[in-house]
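**Student:** pasting the sequence and the predicted coordinates here, then a few questions.
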Amino acid sequence: GRDPVRFMMLYRKNDAQLDFDFAKVTEQSRDNPVFYVQYAHARICSVLRNAAEELGDALPDEAAMAQASLEGLVDRSELVLIKRMAQWPRLVEQAARHHEPHRIAFFLYDLASDFHGLWNRGKESPDLRFIRGDDIKLTIARLTLIDAVAGVLKAGLDILGVEAVREMR
């Protein structure tokens, strides 16, 4: 489709030669930047859907999540995500000012990588899972964090004209 081509064209500096690798663009792996970023967004959407099913009425609405306490987010991987997202507004401004959309594509790839790293740590350590039945405050903090990540991923993909998919097919 058009999304992989568009993303790959924007995933290079303006003055760099375009080296289009069709095999890479169709790969479903970390080596395919558009897949990797879209997969992070879809994965977050899946976690949020699962949380809605598991938590039901205990899951706060968007307004309540915006007021959620993030004090429990102390793991290195969580802090890396928070620090990365703090760079987003300035990065967009700089990318626009210097006509360098590749900065946004690189940022999205790095943010997706940070998210996937946290996801993998949660698979290895139950204490780092997003949904913790034994700690609703921490669950809400983590869901708030990844919802914010999804928001940044979607905003960045929208800027690049690439769809932020909710499910991978």
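**Tutor:** Sure, I can see it. Here the structure is a predicted model, which means the values were calculated and not measured.

**Student:** from here on, contacts and neighbour counts on C-alpha atoms
**Tutor:** Will do.

**Student:** need the helix or strand of this protein with the lowest average pLDDT.
**Tutor:** helix 22-26 (a mean of 58; mean pLDDT, DSSP states H and E).

**Student:** what's the following helix or strand after it?
**Tutor:** Where DSSP states H and E defines the elements, the next helix or strand beyond helix 22-26 is helix 33-55.

**Student:** please name every helix or strand in contact with that next one.
**Tutor:** Here helix 33-55 touches helix 2-10, helix 102-124, helix 136-160, going by 3 or more CA pairs under 8 Å, 6 or more residues apart in numbering; DSSP states H and E.

**Student:** what's the angle from it to helix 136-160?
**Tutor:** Between helix 33-55 and helix 136-160, the angle formed by their directions is 150 degrees, by axes from the mean of the first three to the mean of the last three CA atoms, to 10 degrees.

**Student:** run the angle between helix 33-55 and helix 102-124 for me.
**Tutor:** Counting by the same axes, to 10 degrees, helix 33-55 points 40 degrees away from the direction of helix 102-124.

**Student:** all numbers from here: first residue = 2
**Tutor:** From this message on, residue numbering opens at 2, which makes the last subject helix 34-56.

**Student:** quick one: helix 34-56 to chain centroid distance?
**Tutor:** Mean-position distance between helix 34-56 and its chain equals 9 Å (CA atoms, centre = their mean, to the nearest Å).

**Student:** next one: the helix or strand following it to chain centre, how far?
**Tutor:** Once the chain leaves helix 34-56, the next helix or strand it forms, by DSSP H and E, is helix 63-67. Relative to its chain's centre, helix 63-67 lies at 19 Å (CA atoms, centre = their mean).

**Student:** so what's the model's average confidence on helix 63-67?
**Tutor:** The pLDDT scores in helix 63-67 average 85.
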